[in-house]
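Undergrad: quick one, fold the following:
(one chain, ligands or ions: 1)
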Amino acid sequence: MTAYLFSPPAVSSLPIRGQSQRFAIHRIFCVGRNYHAHAAEMGRTVDKSVDPAFYFTKSPQTLVQSGATVAYPPGTQNYHYEMELVIAIGRRGFRVSQEQAAPLIYGYASGLDMTRRDLQLYARDKGRPWDLGKDFEQSAVCSEIVPMPGVVLERAGIALEVNGVTQQNSNIDKLIWNVREIIADLSRFYHLEAGDLIYTGTPEGVGPVVPGDKITGRVEGVAEIALTIAAAE
Ligand code: MN
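TA: This is a model prediction of the structure:
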C-alpha cells in the first residue's frame, strides 16, 4: 500500500438517479461560445465554417452538487451564472466520428458554469488563460447524473431563474456544436474516459448574482439544479 505524506484528495463524484453507485469524476471540460446569442452578448461572433470549437477545463475539485450553498467567491465583483447541459461520458473514446459518438454517452445532467466574469474578460482581452475566471473553487455546479445511455439529446428546453425571475430560456437545439459534434471533436484532442463531464455551453441571458440570491434551473427532461449564494468569506 502506498504511503502518502498527507491524505490524498477525495474523489469528486455525483449521485446517479436510481442507483446507489456514484459517478466518479475524471475531468471537467467546458465548451466556450456554443450559442450564437450568448457569443453576441459577450461581444463576439462565431462562424462555424472557419472557427473551430474551443474548450477550457475546470479541476474535478471545483465540483459542487446541486442544492449547495456557496460563499460569494474571492477576487471578483461580477460573479455570473451560466446554465448548461452537461454530457456524462461513460466509455473510453479517442478520435471517434460523429456516428461513433453515441455509445460514449452514459447520461446527462444540468450544470452551472459559475464564472468570475470580470477576471475572465480581463484575461480574454489580455490574451491570457481563463483559469482565474473559470477554474475556481466551487465553480462547477452539477445535478445528479441521469442515465440515458447512448441517447443523443437534440432538443430540450434550458432555463434558469434568479430568485424566481427567468433570466435564461432557450433550447439545446440552438447549440452551435451539438452533442455528437462536441464528443467527436473533443476526442481528437483527448482520450475521453468514463467519468469525464462536458459542459456544453450557455445560452444568452447570463448575469450576476449577489449574496442571498437563489439560482434555480433545468434542462427539460434531464434534471433540476439549484444553488444559493452566501456572503463572501
Ligand atoms: Mn460556460
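Undergrad: most centrally placed residue in this structure?
TA: The chain has residue 199 as the residue nearest its centroid, 3.0 Å off, counting by CA atoms, centre = their mean.
Undergrad: contact residues of the protein facing the ion?
TA: By CB under 5 Å from the ion, the residues of the chain that approach the ion are 82, 113, 202. All C-beta atoms are positioned from the backbone trio N, CA, C, and that covers glycine.
Undergrad: now do the contacts for the last one.
TA: So the one you mean is residue 202. 34-35, 38, 82-84, 113, 168 (CB atoms under 8 Å, 6 or more residues apart in numbering).
Undergrad: what sits against the residue in the chain that the ion sits nearest to?
TA: The chain approaches the ion most closely through residue 113 (3.5 Å), counting by CB to the ion. The contact partners of residue 113, taken as CB under 8 Å, 6+ apart, are 30, 58, 82, 84, 134, 139-140, 199, 202.
Undergrad: again, only this time at 6 Å
TA: Counting by CB atoms under 6 Å, 6 or more residues apart in numbering, residue 113 touches 30, 82, 84, 199.
Undergrad: by neighbours, which of the residues you listed wins?
TA: Neighbour counts for the contacts of residue 113 peak at residue 84, which has 31 neighbours (criterion: other CB atoms under 10 Å).
Undergrad: pLDDT score for that one?
TA: pLDDT for residue 84: 98.
Undergrad: that one bridge partners, please.
TA: As for beta bridges, residue 84 partners with residue 111 under DSSP bridges.
Undergrad: ditto for the one 4 residues further on
TA: Each beta-bridge partner of residue 88 is listed here, defined by DSSP bridges: residue 107, residue 197.
Undergrad: hang on, it packs against residue 106?
TA: Yes: using CB atoms under 6 Å, residue 88 makes contact with residue 106 at a distance of 4.7 Å.
Undergrad: tell me how many other residues crowd residue 146.
TA: Residue 146 has 20 nearby residues by other CB under 10 Å.
Undergrad: what sits against it?
TA: By CB under 6 Å, 6+ apart, the contact set of residue 146 is 17, 107-108, 222-223.
Undergrad: out of those residues, which are buried?
TA: If you count burial by 16 or more other CB atoms under 10 Å, the buried members of the contacts of residue 146 come out as 107-108, 222-223.
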